[in-house]
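> Next come a sequence and a model predicted from it.
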Amino acid sequence: MTVRGTLVDIPMADGTADAYLARPDDDRPHPGVLLYQDAFGVRPHLNAMADRIAEAGYTVLVPNVYYRTGRAPLVELPELIDIEQCDEIFAQVGPLLRAAAVPEVAVRDAEAYLSWFAGSPLVTDGPVGVTGYCLGAYLSLRTAIAHPDRVAAAAAFHGGRLVSDLPDSPHLAVGRVTAELYFGHADQDPSMTSEQIAQLDEALTAAEVRFRSEVYEGSAHGFTQADTTRYDAVGDARHWVALLDLLKRALPA
């Protein structure tokens, strides 16, 4: 399937978010998928991921969740991001990440993205799918919690801080979720430990949420991101199977 990729602007409560839009090149509406970025922001690699989902028959939106600071790219990135040698990059994206992850901000932004889907002639009526990576995994779960009537499926890959000691930790609110969820956890991830994974699974089970939770053995945090040194081809391939299967079940294209 031929895919068309364009840049779009999304009206937000706090300004305008620039975004990448990928869709089948047939001018027909397709089910919507919201793809949330990792910490490094919207860039060619994430656009290519959106293109791959669009090839399966979806209209995919990749918003710049750092839009309050400016349009993407906000940080100069090398072709290959060396995770072990990028303290300077983390110093730049850290404050942006923390600002985007504030629960009230995340929910407010999600409302705008979902409203854009609802008003677009390129998107079929009804709920959408969501997927996210790293920071985006957290935002994916937040979106499914905040908008249960508008999200049919949500995936989260190598997410961090899905469980915390804070009173607004996402795992404490999963009782609101009606979507089918999938979690592809990184192996030995300090931002999502085995104990935290168990807590999340227990909360989802108690809330009777439809979910699948898997640890990708041998795959470190960031394993889906081919432009970083944490990329793991085996884990990435497994992620694509899980993600596309989830979308096909919940949102047949």
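Received the coordinates, thanks.
> tell me the helices in the stretch 51-200 of the chain, going along the chain?
For the stretch 51-200 of the chain, the helices defined by DSSP state H, counting those that start in this stretch occupy 87-100, 103-119, 135-146, 194-206.
> Of all those, which one is nearest Pro11?
Closest of the helices of the stretch 51-200 of the chain to Pro11 is helix 103-119, at 6.6 Å (criterion: Cβ to Cβ). No exception for glycine: its C-beta is placed from N, CA and C like everyone else's.
> Check which helices and strands that closest one is in contact with.
Judged by 3 or more Cβ pairs under 8 Å, 6 or more residues apart in numbering; DSSP states H and E, the packing partners of helix 103-119 are strand 3-12, strand 15-24, strand 32-36, strand 59-63, helix 87-100, helix 135-146.
> Kindly calculate the angle that it makes with helix 87-100.
80 degrees (axes from the mean of the first three to the mean of the last three Cα atoms, to 10 degrees).
> quick one: the residue nearest the centre of the chain from Pro121, how far?
Taking Cα atoms, centre = their mean, the centroid of the chain lies closest to Gly132, which sits 1.5 Å from it. Counting by Cβ to Cβ, to the nearest Å, the separation of Gly132 from Pro121 is 25 Å.
> try Val8
Distance of Val8 to Pro121, given as Cβ to Cβ: 13 Å.
> likewise Asp189?
Counting by Cβ to Cβ, the separation of Asp189 from Pro121 is 40 Å.
> quick one: which of Val8 and Pro121 has more around it?
Val8 (15 against 8; other Cβ atoms under 10 Å).
> isn't that one right up against Ala19?
Yes: Val8 lies in contact with Ala19 (Cβ atoms under 8 Å); the separation is 5.3 Å.
> Common neighbours of those two, please.
Overlap of the contact sets of Val8 and Ala19 (by Cβ atoms under 8 Å, 6 or more residues apart in numbering) consists of Leu61.
> What is the burial count for the nearest residue to Leu114 once chain neighbours are set aside?
Nearest residue to Leu114 in three dimensions, chain neighbours excluded: Arg150, at 5.1 Å (Cβ to Cβ, 6 or more residues apart in numbering). When neighbours are counted by other Cβ under 10 Å, Arg150 registers 21.
> Next one, pLDDT for Arg150 please.
Confidence at Arg150, expressed as pLDDT, is 98.
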